[in-house]
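Visitor: output the structure for:
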Amino acid sequence: MAVTRRTKQREAILEVLKNTDCHPTANWIYERVKEDMPHISLGTVYRDLKMLARRGEILEIDFTSNPSRYDCNTGSHYHFRCLKCDRIFDVDEKVNTEIDRQVSRNTGFNVLYHCLEFHGVCLECQKKDSLIYKDSKN
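Guide: Purely as a prediction, here's the structure:
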């Protein structure tokens, strides 16, 4: 595999990702990087994100999300997506690798890993809903 050099743009993209836990879109990242690099293009951000994901430096989260989201945490972990605000959170839960072995045994497939995303309503949205419900009773 050819060695890809580090560019200022890639470094800026990584820096933005390292300083957030919101699992941003490419557009969100672009807006932050553009503050320091006004001449960067959205196309450059997309290309660099794809390349960084291919190299394993970041994760591209693309379950059902449109557009993809990005994560600097490349370790095995699960995600939770809030159906109200569409935010994505890391789930601090041990990854169940037994599922991989079970699927391999049952199907004969060579399972390398699995991705899991939980869906529901985050704590913040639950609190907002609770406040709205309480206010409507008054």
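Visitor: F63: what secondary structure?
Guide: Three-state assignment for F63 (DSSP: H, G, I helix; E, B strand; the rest coil): coil.
Visitor: would you confirm that it contacts H119?
Guide: No: F63 is beyond contact range of H119, at 9.4 Å (criterion: C-beta atoms under 8 Å). C-beta coordinates here come from the backbone N, C-alpha and C atoms, glycine included.
Visitor: more neighbours: which of the two?
Guide: Taking other C-beta atoms under 10 Å, F63 and H119 do not tie; F63 has more neighbours (14 against 11).
Visitor: pull up the overlap in contacts between F63 and H119.
Guide: Listed contacts common to F63 and H119 are R81; contacts here mean C-beta atoms under 8 Å, 6 or more residues apart in numbering.
Visitor: could you check the pLDDT of D21?
Guide: Model confidence at D21, given as pLDDT, is 87.
Visitor: secondary structure class of it, three-state.
Guide: With three-state DSSP as the basis, D21 sits in coil.
Visitor: so what's D21 up against?
Guide: Counting by C-beta under 8 Å, 6+ apart, D21 has contacts 89-90.
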